[in-house]
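J.: Here is my input, please return the structure:
(one chain, ligands or ions: 2)
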Amino acid sequence: MPDEESSLTRREAFQTAAAGVLAVAAPATATPARAQAPSIKPADDDIFVVVDVQYDFLPGGALAVKDGDQVIAPINALAKRFAHVVLTQDWHTPGHISFASAHGGKKPFDMTRLEYGDQVLWPDHCVQGSRGAMISDEVQIPHAQLVIRKGYNRTIDSYSAFKEADRKTKTGLEGYLKERGFKRVFVAGLATDFCVAWTALDAREAGFETFVIEDGSRGINTMGSLDAAWRNMGQAGVRRITSAVIA
Ligand code: VGL
Ligand code: ZN
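T.: Ligands and ions are numbered 1, 2, ... in the order given. As a prediction, this is how the structure comes out:
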């Protein structure tokens, strides 16, 4: 398909530029009109998953994602095109195991080793019932059909909206989406390199055709996490698109 080719070309051009190698100028000028042409028309078996657009991840929040507020306009616009939308909400207990404050001597963004593996330690964020845990009032998707909360087990983090960090405990989202007959999953929100990426990877693993909407997402980028996330998603067959390709 021409549109797949052109977006691949753009991605390769971007990666080459990011690596500091001088890119040949041709692809950037040869393809933009085609690359931007709307080519995906949301259907009744498509679901749009809007990840963690909560005050704590927005500017001024406890774990603010740079330019996180920039995702809201594209997400609101996109949501209008989807008949079916699910929202996710990071929803931690006080003293959650992912908080640096729960580990003596550790600081936010340090790593630690937990029973289920390596864990980045975060500032306290999205504590159940707190203002920071609320989905922003600027997210205007009244037709959203489900809000799935995650990270509510004190001893297990959960970036993914499908499976917790122990990679065993399920949230129920896979069953919900399959029971309702959805086939394609479109993901946007915060943060690209954590909850968006893990959600997209698990959607793919569950057998859904999966897309991440780049301009509807922003990353935290700690210790190379953003590049790693895009690399992992690419290898898993998650497709990277912009909202402009959605009709
Ligand atoms: C997230 C770090 C910790 C996210 C949640 O929504 O990406 N990141 N908790
Ligand atoms: Zn969290």
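
J.: Figure out how far whichever strand or helix holds Ile72 is from the centre of its chain.
T.: Counting by DSSP states H and E, the element that carries Ile72 is helix 72-79. How far helix 72-79 lies from its chain's middle: 14 Å, per C-alpha atoms, centre = their mean, to the nearest Å.

J.: now do stretch 128-138
T.: Relative to the centre of its chain, stretch 128-138 is centred 18 Å away, using C-alpha atoms, centre = their mean.

J.: Touching it from outside, list them.
T.: Stretch 128-138 is contacted from outside by 53-56, 58, 61-62, 69, 72, 76, 87, 89-94, 125-127, 147, 152, using C-beta atoms under 8 Å, 6 or more residues apart in numbering. Quick note: C-beta positions are derived from backbone N, CA and C, even for glycine.

J.: Counting neighbours, which bits of that stretch end up buried?
T.: 130, 132-133, 135-136 (16 or more other C-beta atoms under 10 Å).

J.: Give me the longest strand you can find in this protein.
T.: The single longest strand within the chain, with elements called by DSSP state E, is strand 209-218.

J.: Parallel or antiparallel, which strands does that strand pair with?
T.: Under the criterion DSSP bridges, strand 209-218 sits next to strand 184-190 (parallel), strand 239-241 (parallel) in its sheet.

J.: Let's have the ones you listed in JSON lines, adding mean neighbour count.
T.: Compiled in JSON lines, those are given as follows (neighbours: other C-beta atoms under 10 Å):
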{"stretch": "strand 184-190", "mean neighbour count": "27"}
{"stretch": "strand 239-241", "mean neighbour count": "20"}
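
J.: Among the ones you listed, which comes closest to Pro42?
T.: For the strands paired with strand 209-218, distance to Pro42 was read as C-beta to C-beta. The smallest value, 7.7 Å, belongs to strand 184-190.

J.: next SSE after the closest one?
T.: helix 197-205.

J.: What about the contacts of stretch 128-138, which are in helices?
T.: Mapping the contacts of stretch 128-138 onto helices (DSSP state H) picks out 72, 76.

J.: still on that earlier bit, what angle separates the longest strand of the chain from helix 197-205?
T.: 170 degrees (axes from the mean of the first three to the mean of the last three C-alpha atoms, to 10 degrees).

J.: Let me know the average pLDDT across strand 209-218.
T.: Average pLDDT, strand 209-218: 98.

J.: Same question for stretch 161-169.
T.: Model confidence over stretch 161-169, given as mean pLDDT, is 97.

J.: now do stretch 119-134
T.: For stretch 119-134, mean pLDDT rounds to 98.

J.: Can you give me the first-to-last residue distance of that stretch?
T.: With C-alpha to C-alpha, to the nearest Å applied, stretch 119-134 spans 24 Å between its terminal residues.

J.: does ligand 1 sit close to it?
T.: Yes - against ligand 1, stretch 119-134 shows contacts by C-beta under 6 Å from any ligand atom at Trp122.

J.: Distance from the chain centre to that stretch, please.
T.: With C-alpha atoms, centre = their mean as the basis, stretch 119-134 stands 17 Å off its chain's centre.

J.: where does this structure come near ligand 1, residue by residue?
T.: Within the chain, the residues that sit near ligand 1 (C-beta under 6 Å from any ligand atom) are 52, 57, 90, 122, 159, 190-191, 194-195.

J.: what about 8 Å?
T.: 51-52, 54, 57, 63, 65, 90, 92, 98, 120, 122, 125-126, 151, 157, 159, 189-196, 198, 220 (C-beta under 8 Å from any ligand atom).

J.: Counting neighbours, what do you get for the residue nearest to Ile220 when sequence neighbours are not counted?
T.: Closest residue in space to Ile220, ignoring its immediate chain neighbours: Ala191 at 4.5 Å, by C-beta to C-beta, 6 or more residues apart in numbering. Counted with other C-beta atoms under 10 Å, the neighbours of Ala191 add up to 26.

J.: Good, wrapping up.
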